[in-house]
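*Asks:* pasting the sequence and the predicted coordinates here, then a few questions.
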Amino acid sequence: MRKNGDEMVKLRPTMEIRGVRVWQGLLDRPAQDAIVEDIRKVVAKAPLFSPMTPYGRPMTVQMTSAGRFGWVSDRSGYRYSETHPKGTPWPVIPDSILSVWDDVSDSDRAPECCLVNLYREAAKMGLHQDRDETNFSYPVVSISLGDEGLFRIGNLTRGGKTESIWLKSGDVVAMGGDARLVYHGVDKTREGSSTLLEGGGRINLTLRVVT
């Protein structure tokens, strides 16, 4: 919801793919710049790291988190933790990011985790479900910043046909309702397609209610 004068207006998605709602160009360049500046402050307190999968291979993306919980992975498995791998609490989620959740989530709860994924060079994210949360009635909201990413949307089970869309800087996605547990991933990024991030690359933020 956004305020238009004295009235609250619901923001309609520009497209829907398999129940996944997409708001193309929701964030203009000043809004993107403001979020990137806030992410820099998050990273200063909770540095980016390369998680190890339970299978003993490092992920190609770098990540960190903000909020009560952060998402971590190592040989013990995938899980949420209240502390960064260095042992410190995660920074709070910036208001510039929370406002996007308020605009599109239709949720009566605030997110408890903002996962920050940095894609550079050949980094990608295989098809997966977001199911480490305890309640799937709340959506996952995703914000794309920087280089375009080829986002693939699958099914509620592995296999079958998929559909893909190039997400541009400023696009926002919400996976909720029947689409909350669809398999999804990022196959590749289009290097140099954005000037937003110093040094290039793509940042994806995902907001989740954990408990």
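*Replies:* The structure has been received and is ready for your questions.

*Asks:* next one, pLDDT for the residue nearest to residue 211 when sequence neighbours are not counted please.
*Replies:* Distances taken as CB to CB, 6 or more residues apart in numbering put residue 134 closest to residue 211, at 5.7 Å, once the chain neighbours are dropped. The way it works is simple: take the backbone N, C-alpha and C, and place the C-beta from them, glycine included. pLDDT for residue 134: 95.

*Asks:* against residue 125, how distant is the nearest residue to residue 58 once chain neighbours are set aside?
*Replies:* For residue 58, ignoring the flanking residues on the chain, the nearest one in space by CB to CB, 6+ apart is residue 50 at 4.9 Å. Separation of residue 50 from residue 125 (CB to CB, to the nearest Å): 13 Å.

*Asks:* same question, residue 42
*Replies:* 20 Å.

*Asks:* ok, the two, which is more surrounded?
*Replies:* Between residue 42 and residue 125, counting by other CB atoms under 10 Å, residue 42 is the more crowded of the two (23 against 18).

*Asks:* part of a helix, is the more buried one?
*Replies:* Yes. The assignment for residue 42 is a helix, going by DSSP: H, G, I helix; E, B strand; the rest coil.

*Asks:* re the thing from before, what strand or helix carries the residue nearest to residue 211?
*Replies:* Under DSSP states H and E, no helix or strand contains residue 134.

*Asks:* which neighbours do residue 50 and residue 125 have in common?
*Replies:* With contacts defined as CB atoms under 8 Å, 6 or more residues apart in numbering, the residues shared by residue 50 and residue 125 are residue 61.

*Asks:* in stretch 116-125, what counts as buried?
*Replies:* 116-120, 123-125 (16 or more other CB atoms under 10 Å).

*Asks:* among those, which two are most distant?
*Replies:* The span of those, defined through CB to CB, is set by 116 and 124 at 16.4 Å.

*Asks:* helices along the protein, start to end?
*Replies:* 29-45, 95-104 (DSSP state H).

*Asks:* would CSV of the ones you listed with mean pLDDT and distance to residue 168 be doable?
*Replies:* Listed next are the helices of the chain as CSV, based on pLDDT from 0 to 100; distance: least, CB to CB, whole Å:
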stretch, mean pLDDT, distance to residue 168
helix 29-45, 98, 10
helix 95-104, 97, 15
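
*Asks:* deepest of those, which one?
*Replies:* Highest mean neighbour count among these (mean count of other CB atoms under 10 Å): helix 95-104, with a mean of 18.

*Asks:* that one to helix 29-45, inter-axis angle?
*Replies:* 130 degrees (axes from the mean of the first three to the mean of the last three CA atoms, to 10 degrees).

*Asks:* distance between helix 95-104 and the chain's centre?
*Replies:* Between the centre of helix 95-104 and the centre of its chain there are 12 Å (CA atoms, centre = their mean, to the nearest Å).

*Asks:* other SSEs contacting that helix?
*Replies:* Where contact means 3 or more CB pairs under 8 Å, 6 or more residues apart in numbering; DSSP states H and E, helix 95-104 is packed against helix 29-45, strand 140-146, strand 172-175, strand 202-208.

*Asks:* got a markdown table for these, with distance to residue 160 too?
*Replies:* Below are these laid out as a markdown table (distance: least, CB to CB, whole Å):
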| stretch | distance to residue 160 |
| --- | --- |
| helix 29-45 | 34 |
| strand 140-146 | 21 |
| strand 172-175 | 17 |
| strand 202-208 | 23 |
